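>>> test case, fold it:
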Amino acid sequence: MDSFRFVNGVYKFLMLIYIRTLALEYNYYMNESPNINKITARPNRELKAGVILGYILIAINVISGFLLIPFILDSVGDSGYGIYSSATAIISMFLIDLGLSTATTKFISNYRRQNRQLDINRLVGTIFKIYMILSAIILAATTVFFIFIPSIFLEFTPQELDQLKIVFIMVGAYSILSFPFTILDGVLIAYERLFLNKIADIISKTAFIIATIIVLWLDLGLYALTACYILHGIVGLILKFIFVMTKTPISFKDLLLNSIDKKMMW
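Presented below is the predicted three-dimensional model:
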């Protein structure tokens, strides 16, 4: 139970960070963004709508969690839900971007004001490659953690440990592979597309809720529930990728094929 209390504390801490991030986004748009009404004619109300959608997303998370958790507990049991929560929370602790998303937003905004699109393209390619390096480091760290899972979760039975390892691998593999695409959030925010960013989050959350209801209805078990979590992330990632490719000047080549610009790292 000590492990469960620790994981629950981590989850609450991450939610506080998320709420604080929304507040910082609002402050950035309303007071600090160099682009509002200067680079585009996009009205402030779209930016405000994006922030409002962020708080709506929090409400959806809270309400859906309140309504779904009793049914999840009934389907997979206290043990299964503890395994699911532990794996997702532990992986989240390793996904630290070291402020790269914020840096992406800041520098792209500044380059846009100076009409330096070539520098934006180089920046995006460089930061994406740095994210890939971080993913490799996270892979190494989570691999070490995986090895010591039996020593950390001493109160788990052998069967529960086996289930935890499988869920940990599922969530970890998805999270590490998708981590470099965290840059998409920074790009959308820099191009004042917060509204689209939050729309993607809400649609992906809706997909998660629908998939979870189906899994619970059919009683498909713990691994199917974990697949819903992964589906949630994949849907959001795909939508944000499409928005970046169609609503900003950033291209597929800029994101994936540009090499690291060493000058931008110093």
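>>> residue contacts, the residue most central in space within the chain?
The C-alpha lying nearest the average C-alpha coordinate of the chain belongs to Thr182 (Cα atoms, centre = their mean; 6.6 Å). Contacts were defined as Cβ atoms under 8 Å, 6 or more residues apart in numbering; by that measure Thr182 touches 97, 100-101, 131. C-beta here means a position set from N, CA and C on the backbone, and glycine is covered the same way.
>>> looking at those residues, which is nearest Phe145?
Distances from Phe145 to these, taken as Cβ to Cβ, are shortest for Asp97 (18.6 Å).
>>> is the closest one in a helix, a strand, or coil?
Asp97 carries the three-state label coil when classified by DSSP: H, G, I helix; E, B strand; the rest coil.
>>> tell me how far it lies from Arg113.
24 Å (Cβ to Cβ, to the nearest Å).
>>> more neighbours: which of the two?
A direct count of neighbours by other Cβ atoms under 10 Å for Asp97 and Arg113 places Asp97 higher, at 19 against 13.
>>> once you drop chain neighbours, what's closest to the more buried one?
Take Asp97 and drop its neighbours on the chain: the residue closest to it by Cβ to Cβ, 6 or more residues apart in numbering is Thr182, 5.6 Å away.
>>> residue contacts, the closest residue to Leu98 other than its chain neighbours?
Distances taken as Cβ to Cβ, 6+ apart put Leu134 closest to Leu98, at 7.3 Å, once the chain neighbours are dropped. Listed by Cβ under 8 Å, 6+ apart, the contact partners of Leu134 are 97-98, 100, 179-180.
>>> the closest residue to Leu256 other than its chain neighbours: what's it in contact with?
For Leu256, the nearest residue in space outside its immediate sequence neighbours is Phe128; the separation is 6.9 Å by Cβ to Cβ, 6+ apart. By Cβ under 8 Å, 6+ apart, the contact set of Phe128 is 180, 183, 255-256, 258.
>>> among those, name the ones in helices.
Using DSSP state H, the members of the contacts of Phe128 that fall in helices are Ile183.
>>> which one of the contacts of Phe128 has the most neighbours?
Ile183 (25 neighbours).
>>> check that one and give its pLDDT.
Model confidence at Ile183, given as pLDDT, is 92.
>>> is it true that it touches Leu100?
Yes. Checked against Cβ atoms under 8 Å, the pair Ile183 and Leu100 is within contact range at 7.2 Å.
>>> find residues that contact each of these two.
Taking Cβ under 8 Å, 6+ apart as the criterion, Ile183 and Leu100 both touch 127, 131.
>>> next up, the contacts around Asp201.
Counting by Cβ under 8 Å, 6+ apart, the residues that Asp201 touches are 53-54, 57, 236.
>>> any chance of those residues in TSV, with neighbour count and distance to Val171 too?
As requested, those are exported to TSV (neighbours: other Cβ atoms under 10 Å; distance: Cβ to Cβ, whole Å):
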residue	neighbour count	distance to Val171
Leu53	20	26
Gly54	22	24
Leu57	18	21
Gly236	24	15
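>>> restricted to strands, list the residues you listed.
With strands defined by DSSP state E, no entry of those lies inside them.
>>> if we can go back for a sec, between the contacts of Phe128, which sits nearest Arg45?
Proximity of the contacts of Phe128 to Arg45 was ranked by Cβ to Cβ; the top entry is Ile183 with 26.7 Å.
>>> look up how far Ser135 lies from the closest one.
Relative to Ser135, Ile183 is positioned 12 Å away (Cβ to Cβ).
>>> show me where the stretch 151-266 of the chain has its helices.
Counting by DSSP state H, counting those that start in this stretch, one finds helices in the stretch 151-266 of the chain at the ranges 158-178, 183-190, 194-218, 222-247, 252.
>>> where among those helices is average confidence lowest?
When these are compared on mean pLDDT, helix 252 scores lowest, with a mean of 78.
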